Structure formats: C-alpha cells, structure tokens
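Trainee: just to be clear, the model below is a prediction. Sequence and coordinates:
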Amino acid sequence: MKFGFDIDDTLINLREHAFHLYNRKLGKQVDIALFRELKRLEIHELFGLTDEQGHQLWNSLMEEIYFTDCPAFEGAVDFVNQLAKDGHSIFYITSRPKQYCLKTRWWLKERGFPVIDHQFYCGMKDREKAEIIRKLELDVYFDDKPAVLETLKGANTKVYMKDQSYNKQLHFPRVYNWKAFQLEKWNLQQN
Ligand SMILES: [Mg+2]
C-alpha cells in the first residue's frame, strides 16, 4: 500500500520546537500550557506579535527552526520504518519552501526516517497537496493542518489527522500518539 505523510507537526514536533526557540530569542518565558491551548497553528500571538511581525519572525528563523534539533514525535520514526519494512511505499508531502527541500530530505534521513528520493514531494502550496495525493493514489495519508485536511474530505485516500489543539473541530480519525497508534484493520486488509 501507499502511505503519505506530512512532516511538520505530523511526524515532528516543529511548532513546539519553534515555541522554545521564540522564548529564547525574545527573552521571554511564555508558559507551555498556553501553547498547548492555542487554537491556531501560528504561535506568534503568545509573544504579543501581530500577524505580520509573526510571519517576519518565522521567516527570519526558518532555517534554524527546520534544521536544528527539532524532535520527532515519540514513536513516529519507528512507525514509518515498520511500514517500510512491511513492504509499503512511503511518500512525504510537505509544503516547506522550495529552497529547503533538499536539506529537509537529508535531515529526515539523518533523523532515521526511511526516505526514497523520488517519493519526496516538497515546496507546494497547501491546496496542491490534495492534487498530488490524488495523482499518487495514496491509500492512506496523515496531516495535521485544517486547511489541508479540509481539501481531503471525500477523497479516496483514507485520511488520518495528527491530533493538535488547532484541529479539534475537524472530524477525521486521530493519531494521538504514534507509539500507540494502530491503523484501522480494513486499511491493512486491502492488497
Ligand atoms: Mg503539518
């Protein structure tokens, strides 16, 4: 079967990594409990920044956010590796900007994720993901972002959502914890 994964905040804990980085860079001590209650994906409002200031800060720190020591979610590396070992095809579909694509692919490998170079899709807009997912005829796809998930309603692909504080309003089956996560049985009975 073909499995597709978003990367940021689906397989790796990028926002929280950025949150700690923002605290350090801005000399603040914003409580992590506030972060965990955020209802939107962007984190800058916790630091008293406007949307514009927030986007500027994110863009100026992007390289550092992406390529330092952002941890994978517990169990994520093992989960994806087990699928690969079981003979499934693994695809990554990320909207990270084009200039970071090659380095992101390398970084994922370094972290222990199984990556086949031509099964790595990067640099597209959120809404373009749905098209790629359809073209690839993925059987299963995982993402966290409401704007992406909304475009996948009614798709032939089975969609799972990584549980986050900002996607509580959506109704897809959730991955709370990669270590404990199990695919619904019908997924694995196909093929
Ligand atoms: Mg994501």
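Mentor: Ah, there it is.
Trainee: spell out which residues make up each domain of this structure.
Mentor: Listed domain ranges for the chain are 2-11+72-189, 14-67 (source: automatic domain parsing).
Trainee: in JSON lines, list those domains along with mean pLDDT, distance to the ion and mean neighbour count.
Mentor: (Glycine included, C-beta is placed from N, CA and C.) Below are the domains of the chain laid out as JSON lines (pLDDT from 0 to 100; distance: least, Cβ to the ion, whole Å; neighbours: other Cβ atoms under 10 Å):
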{"stretch": "domain 2-11+72-189", "mean pLDDT": "94", "distance to the ion": "4", "mean neighbour count": "16"}
{"stretch": "domain 14-67", "mean pLDDT": "97", "distance to the ion": "8", "mean neighbour count": "14"}
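Trainee: after the helix ranked longest in the chain comes which helix or strand?
Mentor: Using DSSP state H to define each element, the chain has its longest helix at helix 51-67. Scanning forward in sequence from helix 51-67 by DSSP states H and E, the next helix or strand is helix 76-85.
Trainee: so how far is that next one from its chain's centroid?
Mentor: In terms of Cα atoms, centre = their mean, to the nearest Å, the centre of helix 76-85 is found 15 Å from the chain centre.
Trainee: what ranges do the helices span in this protein?
Mentor: For the chain, the helices defined by DSSP H cover 14-26, 32-37, 51-67, 76-85, 101-110, 126-136, 146-149, 185-189.
Trainee: with distance to Ser165 added, can I get those helices in JSON lines?
Mentor: Below are the helices of the chain laid out as JSON lines (distance: least, Cβ to Cβ, whole Å):
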{"stretch": "helix 14-26", "distance to Ser165": "10"}
{"stretch": "helix 32-37", "distance to Ser165": "6"}
{"stretch": "helix 51-67", "distance to Ser165": "17"}
{"stretch": "helix 76-85", "distance to Ser165": "18"}
{"stretch": "helix 101-110", "distance to Ser165": "25"}
{"stretch": "helix 126-136", "distance to Ser165": "19"}
{"stretch": "helix 146-149", "distance to Ser165": "11"}
{"stretch": "helix 185-189", "distance to Ser165": "26"}
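Trainee: among those helices, which is nearest Pro173?
Mentor: Smallest distance to Pro173 across these (Cβ to Cβ): 10.3 Å, for helix 185-189.
Trainee: now Glu137: closest residue in space that isn't a chain neighbour?
Mentor: Lys2 (6.6 Å; Cβ to Cβ, 6 or more residues apart in numbering).
Trainee: that neighbour: what's it in contact with?
Mentor: His88, Ser89, Phe91, Leu136, Glu137, Leu138, Asp139, Val140 (Cβ atoms under 8 Å, 6 or more residues apart in numbering).
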